[in-house]
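1. predicted model follows, preceded by the sequence.
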Amino acid sequence: MQVRDILAKVEEKLMPIINDNGYELVEIEFVKEGPNKYLRVYADKKGGISIDDCEFISRALEAELEIEDFIEQAYILEVSSPGIDRVLKKDFEYTKYKGRLVDIKLYKPINKIKQLKGNLVGLIDDKIVIQENGQEISFDKKDVASCRLSVEF
């Protein structure tokens, strides 16, 4: 089974758990690191996700995955928060985090600049728009390596 098929099937099993319990699915990964395969689920909820929430999702998903047992390889299941410095991956996150400070990294420099910081305006016509020093700047989504919530202490 291909990775994209595994991810689709895991998401199918996971979504009732997520939706029925007030969680938000941020991302699912199935990756090889060293000798191990990892099935990672990143979830959130309003007010933030706790370790008890992660344990609940993990146990519920594990039970669902054992019923059909469609992942042939051995893997380690991890459920966690995307973190306070999360990378924005889904379109709805650009609305959810509008106004927040973000760090943008570009694949290729534009005017010799590859990293910027600004307040998120949103995703408009597939362009990530930020405001930096009172000026709006937009980037084609395909040119952005990452758009991450900025954390300042």
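-> Ah, there it is.
2. backbone phi and psi for the residue of the chain positioned farthest from its centre, please?
-> Centroid-distance maximum for the chain: Asn111 at 28.9 Å, with Cα atoms, centre = their mean. Recorded main-chain torsions at Asn111 are phi 50, psi 40, according to degrees, to the nearest 10.
3. cool, and Pro82?
-> phi -70, psi -10.
4. which pLDDT value goes with it?
-> On pLDDT, Pro82 comes in at 89.
5. tell me who's in contact with it.
-> Val26, Glu27, Tyr42, Ala43, Asp44 (Cβ atoms under 8 Å, 6 or more residues apart in numbering). Every residue, glycine included, has its C-beta placed from N, CA and C.
6. quick check: longest strand of the chain.
-> Across the chain, the longest stretch assigned as strand under DSSP state E is strand 113-124.
7. any idea which helix or strand comes after that strand?
-> strand 127-132 (DSSP states H and E).
8. what mean pLDDT would you report for that next one?
-> Regarding strand 127-132, the rounded mean pLDDT is 93.
9. try stretch 2-18
-> 95.
10. how far does it sit from the chain's center?
-> 15 Å (Cα atoms, centre = their mean, to the nearest Å).
11. buried set for that stretch?
-> Applying a neighbour-count criterion of 16 or more other Cβ atoms under 10 Å, one finds Ile6, Val10, Lys13, Leu14, Ile17, Ile18 buried in stretch 2-18.
12. and stretch 93-112, by the same measure?
-> Neighbour-count burial for stretch 93-112 [16+ other Cβ under 10 Å]: Glu93, Tyr94, Tyr97, Val102, Asp103, Ile104, Leu106.
13. re the thing from before, and the contacts of Pro82, which are buried?
-> Going by neighbour count (16+ other Cβ under 10 Å), those have Val26, Tyr42, Ala43, Asp44 buried.
14. farthest pair in the residues you listed?
-> Tyr42 and Asp44 (7.5 Å; Cβ to Cβ).
15. between these two, which contacts overlap?
-> Common neighbours of Tyr42 and Asp44 (Cβ under 8 Å, 6+ apart) are Val26, Ser81, Pro82.
16. and the second one, what is it in contact with?
-> Applying Cβ under 8 Å, 6+ apart, one finds that Ser81 lies in contact with Tyr42, Ala43, Asp44, Gly48, Ile49, Cys54.
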